[in-house]
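*Asks:* Could you work out the structure for the sequence below:
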Amino acid sequence: MKIFSIIALSTVLFISCGLSSTEGETTSEVQETELLPPVIISDTLLQFEGDNAGEIPIHWSEYFTGKGESTKWEIVNDHGNNVLAQISNDHPNYHFNVIVFNELIAKNVELQVKLKGITGRMDQGGGFVWRFIDANNYYVVRANPLEDNIVLYKVENGKRTDLPLIGKGRTYGADVETLGNGWNTLKLYAKDELFIVYLNDKEIFKVNDNTFTNAGKVGFWTKADAVTWFDDFQVKIIE
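*Replies:* Numbering: from 1, shown residues only. Reported below is the predicted structural model:
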């Protein structure tokens, strides 16, 4: 396992596609950073110890979909440990907060992160985005401590739709044991049309979908007023 703050030392395998937000009233790129040539990272742990509190880590960009005017991601200190957090608690219900890592464009990935739902009246918790094209088009899976469930969606042209589970159908995800307000580990295996979701090392469900078949960026997602912390982001490319 290689450990980095944000900088990944690897072979450059893709040329930047210049991904950006789609024009429209329901989406906005809050911060646009210069996109360096994306790199493939294999078996890598992204941590935030070298980043400055109160700032967005280098090589990451914020987006949001829906109502409202902004999103607010930054590094916060958790008892001496830096974590990446979505800290705004005043967004409307139809508001998706996204932050993506600009140094990776990939199709098949295994992702793992520790996340903690801090506060949120309308929504709590969060999860991953992958195959992120722009703020209106990507996959997302999230864990919600208010509902104690995990749901996998596609966001297509700005519309979020929950996807049916293999062997169970359209169930709006799956209920899980109480998430509470501590750290939980969310994991995703995404290869071609198959997505497998794990919580705290336990497989929760599988989904099959082919809406987005091209490579895209990966990152984190929260909804509405959910204040959420993320740490120890593990990224593995699947051959």
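
*Asks:* Show me which residues of stretch 225-238 are buried.
*Replies:* Residues of stretch 225-238 classed as buried: 225-237 (neighbour count, 16 or more other C-beta atoms under 10 Å). C-beta coordinates here come from the backbone N, C-alpha and C atoms, glycine included.

*Asks:* cool, stretch 170-186 as well?
*Replies:* For stretch 170-186, burial by neighbour count (16+ other C-beta under 10 Å) applies to Gly173, Val176, Leu179, Trp183, Asn184, Thr185, Leu186.

*Asks:* Touching, the first one and Val140? I think so.
*Replies:* No. No contact is recorded between Gly173 and Val140 when judged using C-beta atoms under 8 Å, the distance being 11.5 Å.

*Asks:* anything in contact with each of these two?
*Replies:* Jointly contacting Gly173 and Val140 under the rule C-beta atoms under 8 Å, 6 or more residues apart in numbering are Leu152.

*Asks:* where's the most far-flung residue of the chain relative to its centre relative to Val76, distance?
*Replies:* Most distant from the centre of the chain: Gly167, at 25.5 Å, with distances by C-alpha atoms, centre = their mean. Gly167 sits 40 Å away from Val76, going by C-beta to C-beta, to the nearest Å.

*Asks:* OK, contacts around the residue nearest to Tyr172 when sequence neighbours are not counted?
*Replies:* Nearest non-adjacent residue to Tyr172, counting by C-beta to C-beta, 6 or more residues apart in numbering: Asp162, 5.3 Å away. The neighbours of Asp162, taking C-beta under 8 Å, 6+ apart as the test, are Val151, Leu152, Tyr153, Arg170, Tyr172, Gly173.

*Asks:* hang on, isn't Val109 packed against Phe195?
*Replies:* No. With contacts counted by C-beta under 8 Å, Val109 stays clear of Phe195, the gap being 10.4 Å.

*Asks:* any shared contact partners between the two?
*Replies:* Leu188.

*Asks:* What ranges in this protein fall below the confidence cut-off?
*Replies:* 1-42 (pLDDT under 70).

*Asks:* can you rerun that using 50?
*Replies:* 1-41 (pLDDT under 50).

*Asks:* Serialize the buried residues of stretch 225-238 to JSON lines and add fields for distance to Met122 and secondary structure.
*Replies:* Formatted as JSON lines, the buried residues of stretch 225-238 follow (distance: C-beta to C-beta, whole Å; DSSP: H, G, I helix; E, B strand; the rest coil):
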{"residue": "Asp225", "distance to Met122": "5", "secondary structure": "coil"}
{"residue": "Ala226", "distance to Met122": "8", "secondary structure": "coil"}
{"residue": "Val227", "distance to Met122": "11", "secondary structure": "strand"}
{"residue": "Thr228", "distance to Met122": "13", "secondary structure": "strand"}
{"residue": "Trp229", "distance to Met122": "18", "secondary structure": "strand"}
{"residue": "Phe230", "distance to Met122": "20", "secondary structure": "strand"}
{"residue": "Asp231", "distance to Met122": "24", "secondary structure": "strand"}
{"residue": "Asp232", "distance to Met122": "27", "secondary structure": "strand"}
{"residue": "Phe233", "distance to Met122": "25", "secondary structure": "strand"}
{"residue": "Gln234", "distance to Met122": "29", "secondary structure": "strand"}
{"residue": "Val235", "distance to Met122": "30", "secondary structure": "strand"}
{"residue": "Lys236", "distance to Met122": "33", "secondary structure": "strand"}
{"residue": "Ile237", "distance to Met122": "35", "secondary structure": "strand"}
